[in-house]
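Chemist: From the sequence below, what's the structure:
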Amino acid sequence: MSVEIFVGDDHVLGDVLGRVAAQLQKEGLRVVRGPAAPAPLRTEYRQAEWPRYFGRAEVAVISSRTVITPELMSWAPRLRGLVFASSSTASCNLREASDRGIVVAHGATPQNMEGMAEATVMLLAALMLDLPLKQLQLARREPRPAPQMLTARMLAGATVGLVGYGRIAREVIARLEGWRVGRILVATRHPERYRPAPPVEFTELPTLLAQSDAVSLHLPLTPGTRGVIGQAELDRMKPGAILVNTARGGLVDEAALAERLASGRLRAAAIDTFDTEPVPMEHPLRGLDNVILTEHIVGHTRDLFDSLVPTAVEHVRAILAGQRPRYLANPGVRNDDARHAPQVR
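Modeler: Below you'll find the predicted structure:
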C-alpha cells in the first residue's frame with residue numbers, strides 16, 4: 001500500500017499546493033486533496049472530515065491559512081509531519097506539535113527571506129525620500145516645493161531601528177549597510193546570543209523608538225507581541241519618524257497610527273500586513289497621503305513562488321525518510337518518537 005500524503009488548498013497558494021500534489025503523485029505517493037475556505041477565511045476541517053483527510057496521512061502539506069489544532073494532531077494516527085508551503089506556521093502550535101513528535105517544516109527559502117528584505121529596504125527608502133508625497137504632488141499638478149519646504153531625508157547617515165532580529169531582519173541589515181546608514185538599532189529578546197558589529201547596536205525598545213529616524217518591524221505575531229507598537233510606543237517615536245511593517249498584522253495599533261500620521265506627529269508609514277485582511281474599505285489608514293499600503297504581497301515574487309514547490313516536496317521526502325528537513329520550524333521536536341522512524345510497508 002502506498003504512503004498517503006494530505007495536500008490542502010489555499011486562496012493564495014493554491015497553485016503552489018497543486019504543483020506539490022502533482023509532483024508527489026509522480027513519485028508514487030498517494031495524495032488526498034482537501035478544499036479551502038473562501039477568502040478571507042481560514043480553513044479548519046470539521047472533526048467528521050478528519051478520517052477522510054487525515055486517517056492515513058503521514059504528512060500534511062498546507063499553508064498558514066489552514067488551521068491544524070492540537071486535537072487534530074493528537075487524533076491523526078499516522079501523522080509524522082506538517083509541511084507549510086508558506087514561511088509562516090502561525091496556524092499550528094509548534095510546541096503542541098513538538099510534544100506529539102510531529103515535525104514541522106516550512107518554506108523559509110532564501111527567495112522568501114531575501115525578497116522580503118529587498119521590499120523592506122525599498123519601503124524604507126521610499127518613505128525617507130517622501131515618495132508618496134512627491135507622487136501626489138505630480139498627480140495634483142502642484143508646483144515643485146521650495147527647497148526649504150522639503151521634508152525628504154536620505155537613508156545615508158540616518159538611524160534605523162529594527163524590532164526583531166530574525167532572518168529577514170538580518171537580511172535587511174546586510175542591505176542597509178550598502179546605503180551607509182549611520183546607526184542600526186536592534187531590539188531583540190535575546191541579545192546575549194549575538195555579537196553585533198557596528199553599525200548594529202542592541203538596545204531596548206523604548207530607546208530604539210526614541211532615537212530612530214525609521215522603524216521597521218520583524219516579529220512574529222504571538223500573544224506577547226500583539227500590539228507591541230501601541231499608542232504609548234507610537235508617542236515615544238521620534239517626531240517626524242517613519243514606520244514600516246512587513247512582518248505581521250496585529251503588531252501595530254492601526255487606528256492610533258492613523259491618528260499620528262494624520263496629525264503629522266509621524267511623517268509616513270508603509271504597511272503590508274493588517275490585523276484584518278482583506279483591508280476594510282473604511283480602514284483609517286486608507287486615504288491618507290503619507291502612507292504606502294499593500295495587502296500582504298509587497299515581497300512576493302515569481303522567484304519566491306517557484307522556490308516553494310521543490311522545497312515542500314523535499315520536506316516531504318525528508319520526513320518520510322526520518323531525516324531532518326532543511327527548514328525545520330520546531331527544532332525541539334522529540335526525535336525518539338516512533339512517528340519519526342521510517343516505516344516499512
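Chemist: Report the contact partners of residue 157.
Modeler: Contacts for residue 157 (Cβ atoms under 8 Å, 6 or more residues apart in numbering) come out as 180-182. The way it works is simple: take the backbone N, C-alpha and C, and place the C-beta from them, glycine included.
Chemist: which one of these sits closest to residue 69?
Modeler: Comparing the contacts of residue 157 against residue 69 with Cβ to Cβ picks out residue 181 as the nearest, at 43.6 Å.
Chemist: Was I right to think the closest one contacts residue 159?
Modeler: Yes. At 7.4 Å, residue 181 counts as touching residue 159 under the criterion of Cβ atoms under 8 Å.
Chemist: what are the ranges of the helices in the stretch 1-150 of the chain?
Modeler: For the stretch 1-150 of the chain, the helices defined by DSSP state H, counting those that start in this stretch cover 14-26, 50-54, 70-75, 94-99, 110-128, 131-139.
Chemist: model confidence over the first one, on average?
Modeler: If I follow you right, that is helix 14-26. With pLDDT averaged residue by residue, helix 14-26 scores 97.
Chemist: Can you spell out which helices and strands pack onto it?
Modeler: strand 4-7, strand 30-33, strand 57-62, helix 302-320 (3 or more Cβ pairs under 8 Å, 6 or more residues apart in numbering; DSSP states H and E).
Chemist: what's the closest of the ones you listed to residue 132?
Modeler: Closest among those, using Cβ to Cβ: helix 302-320, at 25.2 Å.
Chemist: Contacts for the closest one, please.
Modeler: Residues from elsewhere that reach helix 302-320, judged by Cβ under 8 Å, 6+ apart: 3, 5, 13, 15-16, 19-20, 23-24, 27, 29, 58-59, 61, 80-81, 83, 85-86, 103, 105, 107, 109-112, 115, 324-327, 342.
Chemist: How about stretch 190-210?
Modeler: Here stretch 190-210 makes contact (Cβ under 8 Å, 6+ apart) with 161, 163, 165, 173, 177, 181-188, 211, 215, 228, 233, 236-238.
Chemist: re earlier: possible to save the helices and strands packed on helix 14-26 as a markdown table with mean pLDDT and mean neighbour count?
Modeler: Shown next, in a markdown table, are the helices and strands packed on helix 14-26 (pLDDT from 0 to 100; neighbours: other Cβ atoms under 10 Å):
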| stretch | mean pLDDT | mean neighbour count |
| --- | --- | --- |
| strand 4-7 | 98 | 24 |
| strand 30-33 | 98 | 16 |
| strand 57-62 | 98 | 25 |
| helix 302-320 | 97 | 19 |
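Chemist: Out of the ones you listed, which is closest to residue 119?
Modeler: Within the helices and strands packed on helix 14-26, the stretch nearest residue 119 is helix 302-320; the backing value is 10.5 Å (Cβ to Cβ).
Chemist: If you count neighbours, what's buried in the helix or strand of the chain with the lowest mean pLDDT?
Modeler: Using mean pLDDT, DSSP states H and E, helix 131-139 stands out as the lowest-scoring helix or strand of the chain, at a mean of 93. Neighbour counts over helix 131-139 (16 or more other Cβ atoms under 10 Å) mark 131-134 as buried.
Chemist: Ok, stretch 249-261 next?
Modeler: Residues of stretch 249-261 classed as buried: 249-254, 256-258, 260-261 (neighbour count, 16+ other Cβ under 10 Å).
Chemist: Show me where the stretch 201-345 of the chain has its strands.
Modeler: With DSSP state E, counting those that start in this stretch as the criterion, the stretch 201-345 of the chain has strands at 214-217, 242-245, 268-271, 291-293.
Chemist: Who are the packing partners of the last one?
Modeler: Taking 3+ Cβ pairs under 8 Å, 6+ apart as the contact definition, the neighbouring helices and strands of strand 291-293 are helix 110-128, helix 131-139, strand 268-271.
Chemist: Not counting residues beside it along the chain, what's closest to residue 42?
Modeler: Once flanking residues are discounted, residue 42 sits nearest to residue 65: 4.8 Å by Cβ to Cβ, 6 or more residues apart in numbering.
Chemist: Check the separation of the first and last residues in stretch 37-50.
Modeler: End-to-end distance of stretch 37-50 (Cα to Cα, to the nearest Å): 16 Å.
Chemist: Need the helices of the stretch 1-150 of the chain in CSV (columns: distance to residue 201).
Modeler: Formatted as CSV, the helices of the stretch 1-150 of the chain follow (distance: least, Cβ to Cβ, whole Å):
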stretch, distance to residue 201
helix 14-26, 39
helix 50-54, 48
helix 70-75, 40
helix 94-99, 30
helix 110-128, 18
helix 131-139, 28
